[in-house]
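A.B. asks: From the sequence below, what's the structure:
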Amino acid sequence: MLFLSKEGHVDSERIVVRIFSGIERGPMQKVNGIVVHQTAAPTISSTFNSYQGKGAHGAHFLIDKDGTIYQTASVYKRTNHVGNIKSRCLETRKCSPADFKAAYPLKWRPTPLSRHEHKKPFPERYPGNTDSIGIELVGAYIEKTEVYETVTRAQNDAVRWLVAELSATMSVSMEEVYRHPQLSRKTESEASTAKW
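C.D. replies: As a prediction, the model looks like this:
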């Protein structure tokens with residue numbers, strides 16, 4: 001388990017704390033999930049630069065290609081890393097008749113569907129920005145092939161360790177750890193080679 005300061009910063013030899021307060025959006029009361037992303041940028045410096053812009057989006061942790069783990073936001077703060085969530089009942093094909101009737105017409109309208117889903121308590125919906133920890137893996141998106149670059153072995157070792165530690169520390173079930181495209185409309189290859 002990880003030791004967390006009262007500010008929500010991790011005290012671990014494996015993690016470099018480099019907080020970007022501009023990506024923090026306010027308190028996060030409960031963590032229900034972990035979402036693994038890829039940056040779409042080829043280097044860690046380009047991601048750090050993007051975290052400094054006004055209204056920047058980012059995740060709580062960032063893993064460089066060499067496996068170095070950076071904490072970039074407090075685990076007690078929300079960050080905008082998920083976006084609109086899909087309907088859990090539609091994706092799992094386990095909707096009640098009433099929920100199917102309400103959700104299905106919104107299936108191709110991401111923002112209204114996400115609003116509909118956020119009215120539900122967890123675990124009836126996927127975790128979103130308000131209740132999940134985000135982990136970014138540095139990795140370019142190759143437009144020519146529309147595929148993200150392969151996650152390195154060092155990144156996979158780091159994400160495996162970090163997911164296990166966060167899961168234990170934050171009491172998050174391993175069944176609630178997702179690749180970004182599983183719960184939001186994203187390119188299917190994002191984090192597809194990540195293993196935890």
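A.B. asks: OK, contacts around the closest residue to residue 18 other than its chain neighbours?
C.D. replies: Distances taken as CB to CB, 6 or more residues apart in numbering place residue 70 nearest to residue 18, at 5.0 Å, with adjacent residues excluded. Backbone N, C-alpha and C define where each C-beta goes, glycine included. Taking CB atoms under 8 Å, 6 or more residues apart in numbering, we find residue 70 in contact with 15-18, 44, 61-64.
A.B. asks: how near is residue 70 to residue 10?
C.D. replies: 10 Å (CB to CB, to the nearest Å).
A.B. asks: repeat for residue 143
C.D. replies: Using CB to CB, residue 143 is found at 34 Å from residue 10.
A.B. asks: Can you mark which positions in the biggest helix by length in the chain are buried?
C.D. replies: For the chain, the helix with the greatest residue count under DSSP state H is helix 153-170. Of all the residues in helix 153-170, those buried under the rule 16 or more other CB atoms under 10 Å are 155-156, 158-159, 161-163, 165-167, 169-170.
A.B. asks: quick one on the thing from earlier: out of residue 143 and residue 10, which sits in the more crowded spot?
C.D. replies: residue 10 (22 against 8; other CB atoms under 10 Å).
A.B. asks: State the next helix or strand along the chain beyond the lengthiest strand in the chain.
C.D. replies: For the chain, the longest strand by residue count, based on DSSP state E, is strand 132-142. Heading C-terminal from strand 132-142, the first helix or strand you meet, by DSSP states H and E, is strand 147-148.
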